[in-house]
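> coordinates for the following, if possible.
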Amino acid sequence: MPSWRTGLAALFAIAVMGCATPTAPPERAYTGRFAATAINGARNDSVSGHFSIEVRGNRQVIDLATPVGTTIARVEIEPGRAQATGPQLRTASGPDAEELVEQLVGWRLPVTGLADWLEGRPDPSRPARTQMNGPRVSAIEQDGWTIRIDEYSPTTNKPRRLSLERAMRGREPALSVRLIVDDPAG
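Residues are numbered from 1 along each chain as shown. Now for the predicted structure:
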């Protein structure tokens, strides 16, 4: 019969192994810069900064930060569920990631389809139209957004510069988002 010391040692070893288990690297990861402008009549609001996106299976984590690194928002998306953390660490959760971001930062940004658009394709789970330029997608229309792929990276053969536009809808302002994706280091 094992003593309590043996049991405690075994429990400690399991705890240490659990802590030492590294997090698996993401299947896909992107970093870069963004600039977004909301136009509502004569009023224009802008924000710019850095973004990072990690994709692990059906889970996405999107971080937006100011040019000096202050967090603007973190969005975690899983099928049927999203959680967003915004300024002053305000948190909201629910099924619609775009709605949560709008609650926290004031704009409905296109976070759900972003990881697919950065691959140069529409999100396959929702209706979309694409335009081709030879073998590459040059534009995507999805979720009320028009996504133009302005430049592909010669290193990754994936979109490097993207322009996202959404027309004014009701009380929602027209939005323009520009993305520049970093090439992977190495």
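> next one: residue 131 from residue 32, what distance?
23 Å (C-beta to C-beta, to the nearest Å). In this view, the C-beta of every residue, glycine as well, is placed from N, C-alpha and C.
> what of residue 171?
Residue 171 is 30 Å from residue 32, by C-beta to C-beta.
> which of those two has more neighbours?
Counted by other C-beta atoms under 10 Å, residue 171 and residue 32 do not tie: residue 32 has more neighbours, with 17 against 6.
> got the contact list for residue 123?
Counting by C-beta atoms under 8 Å, 6 or more residues apart in numbering, residue 123 touches 112-113, 116-117, 142-143.
> most widely separated two among these?
116 and 143 (10.9 Å; C-beta to C-beta).
> with neighbour numbers in mind, choose between these two.
Using other C-beta under 10 Å, the more surrounded residue of residue 116 and residue 143 is residue 116, with 21 against 17.
> OK, contacts around residue 173?
38-40, 43, 45, 107.
> give me phi/psi at it?
phi -70, psi 160 (degrees, to the nearest 10).
> so which helix or strand takes in the spatially most central residue of the chain?
Nearest to the geometric centre of the chain sits residue 62, at 3.5 Å (C-alpha atoms, centre = their mean). Per DSSP states H and E: residue 62 is located in strand 59-65.
> list the buried residues of whichever helix or strand comes after that strand.
Using DSSP H and E, the helix or strand that directly follows strand 59-65 along the chain is strand 71-78. Buried positions in strand 71-78, judged by neighbour count with 16 or more other C-beta atoms under 10 Å: 72-77.
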